[in-house]
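1. Need coordinates for the below:
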Amino acid sequence: MDREDLPAPEEGLVLTHFLTVRDVVRSRTFYADILGGRIVLEENPAIVKVANSWIIMNPGGGPTPDKPDVTLRPPEAGDPVSAFMNVRVSDVATFYEEAVAKGARFLTAPLDRKAELRCYMHDPDGYLIEVGQATGMLAGVFADLVEESSP
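-> All right, here's what the predicted structure looks like:
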C-alpha cells in the first residue's frame, strides 16, 4: 500500500470523514460502489478513498481513554441531523441515474436551487449525503436568503 492511499500527510493536514457504522462490509461497499471510491483498508478501521478524501468506518462503542464520556453510534431513524456529507459532482443528473441503478436511496430527484442542482440520499446507516452540481453560483446567482426566526 502506497502512502498516498492513506490519510497520512507528509506535512500539513488532510481532512477525513469518520462514520460509525452498523456493518463495515456493507458501508465500505456502498461508498466504493456509489461514490466510486477505492477500498484501501478492509477494516479496523475500513478506509475508502473517494476522489480527494477518505471515509473511515468502524463500529460504534463506548468511551475510550482518549475520548472519555463519548459513545459512538450510527444515527437512528428520526434522529435530528446536525451534519452531513456534501459531495460535489460535475453532472448531478448522470450521477443520480447511475447511483439509483446501483441501489442508492434518494429523498428526491435533483432539484434546481438557483445556485446549484442538488439532491440528498441516505447511506446504509441513514447518514445524509448531499449531492450537488454548481450551476447558477458559477454566474453569481445564489439561493434566496433564509429569514432567521427570532427566539
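
2. just the helices in the protein please.
-> Assigned by DSSP state H, the helices in the chain fall at 24-34, 92-101.

3. and the most centrally placed residue in the chain, what does it touch?
-> A centroid search over the chain (C-alpha atoms, centre = their mean) returns M85, at 3.5 Å, as the residue closest to the centre. Taking C-beta atoms under 8 Å, 6 or more residues apart in numbering, we find M85 in contact with 17, 127-130. All C-beta atoms are positioned from the backbone trio N, CA, C, and that covers glycine.

4. The same query, at a cut-off of 7 Å, please.
-> When contacts are counted by C-beta atoms under 7 Å, 6 or more residues apart in numbering, M85 touches 17, 127, 129.

5. Which segments of this structure make up each domain?
-> Residue ranges for the domains of the chain, per automatic domain parsing: 1-73, 75-151.

6. The ones you listed into TSV, with extra columns for mean pLDDT?
-> Output for the domains of the chain, formatted as TSV (pLDDT from 0 to 100):
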stretch	mean pLDDT
domain 1-73	95
domain 75-151	93
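
7. now the strands for the protein?
-> Counting by DSSP state E, the chain has strands at residues 17-20, 38-41, 46-50, 53-58, 85-88, 105-106, 111-112, 116-122, 128-134.

8. Distance to M1 for those - can I get that in JSON lines?
-> Formatted as JSON lines, these follow (distance: least, C-beta to C-beta, whole Å):
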{"stretch": "strand 17-20", "distance to M1": "19"}
{"stretch": "strand 38-41", "distance to M1": "7"}
{"stretch": "strand 46-50", "distance to M1": "10"}
{"stretch": "strand 53-58", "distance to M1": "13"}
{"stretch": "strand 85-88", "distance to M1": "24"}
{"stretch": "strand 105-106", "distance to M1": "32"}
{"stretch": "strand 111-112", "distance to M1": "40"}
{"stretch": "strand 116-122", "distance to M1": "29"}
{"stretch": "strand 128-134", "distance to M1": "26"}
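
9. Roughly how far does the nearest residue to V40 once chain neighbours are set aside sit from G78?
-> Nearest non-adjacent residue to V40, counting by C-beta to C-beta, 6 or more residues apart in numbering: D5, 4.5 Å away. Distance of D5 to G78, given as C-beta to C-beta, to the nearest Å: 37 Å.

10. Understood, closing this out.
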